[in-house]
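[1] no FASTA, just this:
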């Protein structure tokens with residue numbers, strides 16, 4: 001099973017917002033998806049990189065209120081759920097977002113060996129690690145799953161959530177999938193701590209204190 005250094009995953013997630021022009025990421029992009037509110041990059045090493053929203057205000061303004069998928073508007077809040085192909089009940093907006101990525105990858109014929117996502121991308125990471133039974137890491141992950149308790153392949157997914165990031169507690173009536181590492185940063189301020197650069201910092205802090213391992217899966 002493919003393993004990936006956690007800090008390197010955080011660096012990639014940070015770079016995903018400018019992947020097309022980033023000097024170390026752009027040359028490695030095999031294919032890119034940009035369809036409305038859905039973006040993803042499949043790298044030449046099999047890593048599927050999924051950006052999301054890099055600030056709390058972006059998340060609240062765009063993700064909770066307006067999420068356009070295939071010409072339809074979804075609200076990412078405590079509302080409609082939908083059953084996925086595996087029978088798992090997911091939040092409808094997150095599931096539809098993940099399905100656009102899934103269909104795009106499947107159409108290309110090359111499946112990912114690893115998935116890395118941030119924010120909305122971390123919601124998709126939870127769905128897609130289960131869909132393909134591959135490992136993945138989500139940073140600043142919201143809650144996409146309706147039910148509690150373990151499900152098949154949930155041990156493949158690691159979520160790294162700062163305890164001062166309100167997005168990780170939304171939507172309120174849903175749940176995370178996989179293993180959640182709750183990181184407590186030495187410094188925090190409400191709002192900006194959803195940004196991926198703050199997740200890079202807290203990963204380094206947690207690893208330095210021995211609370212987070214070097215790679216995932218461990």
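    Now that the structure is in, tell me what you want to look at. All values derive from a computational prediction rather than experimental measurement.

[2] who's in contact with the closest residue in space to residue 174 that isn't next to it in sequence?
    Nearest residue to residue 174 in three dimensions, chain neighbours excluded: residue 143, at 3.9 Å (C-beta to C-beta, 6 or more residues apart in numbering). Placement of C-beta: from N, CA and C, glycine included. Neighbour list for residue 143: 91, 123, 168, 169, 170, 171, 174, 175, 176 [criterion: C-beta atoms under 8 Å, 6 or more residues apart in numbering].

[3] Show me which helix runs longest in this protein.
    Across the chain, the longest stretch assigned as helix under DSSP state H is helix 92-108.

[4] and that helix, how far out from the chain's middle?
    Chain-centre distance of helix 92-108: 13 Å, with C-alpha atoms, centre = their mean, to the nearest Å.

[5] separation between the closest residue to residue 72 other than its chain neighbours and residue 141?
    Among residues not flanking residue 72 along the chain, residue 96 sits closest, at 7.9 Å (C-beta to C-beta, 6+ apart). Distance, residue 96 to residue 141, using C-beta to C-beta, to the nearest Å: 17 Å.

[6] neighbour count winner among these two?
    residue 141 (30 against 17; other C-beta atoms under 10 Å).

[7] so how far is residue 22 from that one?
    23 Å.

[8] show me where the chain has helices.
    6-15, 56-58, 92-108, 120-132, 196-208.

[9] Need these in CSV (columns: distance to residue 155).
    Shown next, in CSV, are the helices of the chain (distance: least, C-beta to C-beta, whole Å):
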stretch, distance to residue 155
helix 6-15, 16
helix 56-58, 29
helix 92-108, 19
helix 120-132, 10
helix 196-208, 20
